[in-house]
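*Asks:* this one's sequence-less:
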């Protein structure tokens, strides 16, 4: 199939997977083969009805952090990017003229020896277009490195990329519980916000909490952007004590759920429409509910005060214990900030 022409109306596919744990790098190839088959299914199966131009996979699709230390992850599962697997995705993107947001890799980088990143790639017909390294790692359990925590890290933390199918930005799982993180993508111009996720029970798709749906819809509304969210569908037996309930979805810029997989584990492909013409018209036309244009960035004075310690890995390697210690330090900073801002508020009435 030849590369399709530039368009502003197309469909996105959110794919969820249910793989057993990868214990070493040789397990990754089989997973990639299956995900390439899922791309074939999404693109060719729906071709009589519409063009699928964007395909998204979940967090830990290639390998989950099943070992307790970063050194074990580096020796057994981590890979540089690009690699032989991203080459296969590039070939598939070129075959169909599509864009693929990969599931996450555990990434190693010679510039940062001893560190493992939780990384997703945006891949198109021209190659790897962007790498996003998870900024808000899931503490205390996640022992991959946040680029925020590295001294002198000089790459963009929240890259957005111009493509034939619009401006695309991605973030991973826990990142989405920080509206400030996703707002960075929107301010960079992202029209499609991609959530690559392994969001587990009980915060997933089930009532009464259903954080998954709540957060995805809220981020779409507040950033006037489409959300394509792919979640893990792994059963409890795969990665105890967690089960991942799927519920992958596509949400429009007004927060409407356009398509959603039924909650529950297992492979799924869910497809939904992306209408960039409508999105761009809304962003241009709106004088009300124009949240991006109505930002008063200088009013958010509390953000001038750091909370979670930046550059923390200069002090020690990352472990569950250091994650807990740094969280306590962040809480102490937050208490100081609370007191300072409360005192400032009192002074306004004198």
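*Replies:* Arrived safely. Just so it is clear, the structure is predicted and the values come from calculations on it, not from any experiment.
*Asks:* Phi, psi for residue 269 please.
*Replies:* Residue 269 adopts backbone torsions of phi -130, psi 120, taken as degrees, to the nearest 10.
*Asks:* buried stuff in the helix or strand where residue 343 lies?
*Replies:* Following DSSP states H and E, one finds residue 343 within helix 320-347. Residues 322, 323, 325, 326, 330 are the ones in helix 320-347 that count as buried (16 or more other Cβ atoms under 10 Å). From N, CA and C alone the C-beta is placed, and that goes for glycine too.
*Asks:* Next up, the contacts around the fourth one.
*Replies:* Right, the one you point to is residue 326. Applying Cβ atoms under 8 Å, 6 or more residues apart in numbering, we find residue 326 in contact with 139, 308, 309, 312.
*Asks:* Next, work out how far apart residue 267 and residue 306 are.
*Replies:* Distance, residue 267 to residue 306, by Cβ to Cβ, to the nearest Å: 42 Å.
*Asks:* Residue 148 too?
*Replies:* Computed with Cβ to Cβ, the distance linking residue 148 and residue 306 is 10 Å.
*Asks:* what about the two, which has more around it?
*Replies:* residue 148 (18 against 10; other Cβ atoms under 10 Å).
*Asks:* would you say that one is within a helix?
*Replies:* Yes. Applying DSSP: H, G, I helix; E, B strand; the rest coil, one finds residue 148 inside a helix.
*Asks:* Check the secondary structure at the nearest residue to it once chain neighbours are set aside for me.
*Replies:* Nearest residue to residue 148 in three dimensions, chain neighbours excluded: residue 135, at 5.3 Å (Cβ to Cβ, 6 or more residues apart in numbering). Here residue 135 takes the coil state, with states given by three-state DSSP.
*Asks:* same thing with residue 66?
*Replies:* Under three-state DSSP, residue 66 comes out as coil.
*Asks:* So it is in contact with residue 22, correct?
*Replies:* Yes. Assessed by Cβ atoms under 8 Å, residue 66 is found in contact with residue 22 at 7.4 Å.
*Asks:* any common contacting residues for these two?
*Replies:* Both residue 66 and residue 22 are contacted by residue 77, under the criterion Cβ under 8 Å, 6+ apart.
*Asks:* More neighbours: those two, which one.
*Replies:* Taking other Cβ under 10 Å, residue 66 and residue 22 do not tie; residue 22 has more neighbours (21 against 16).
*Asks:* That one and residue 257, how far apart?
*Replies:* 32 Å.
*Asks:* How much space separates residue 11 from residue 281?
*Replies:* Residue 11 is 19 Å from residue 281, where distance means Cβ to Cβ.
*Asks:* again, but for residue 231
*Replies:* Counting by Cβ to Cβ, the gap from residue 231 to residue 281 is 30 Å.
*Asks:* Comparing these two, which residue is more hemmed in?
*Replies:* The neighbour count for residue 231 versus residue 281, taken as other Cβ under 10 Å, is higher for residue 231 (30 against 11).
*Asks:* can you pull the contacts of the more buried one?
*Replies:* Residue 231 makes contact with 14, 16, 58, 195, 197-199, 204-205, 212, 244-248, according to Cβ under 8 Å, 6+ apart.
*Asks:* How about residue 333?
*Replies:* 305, 306, 307.
*Asks:* please redo it, this time with the cut-off set to 10 Å
*Replies:* Going by Cβ atoms under 10 Å, 6 or more residues apart in numbering, residue 333 touches 305, 306, 307, 308, 309.
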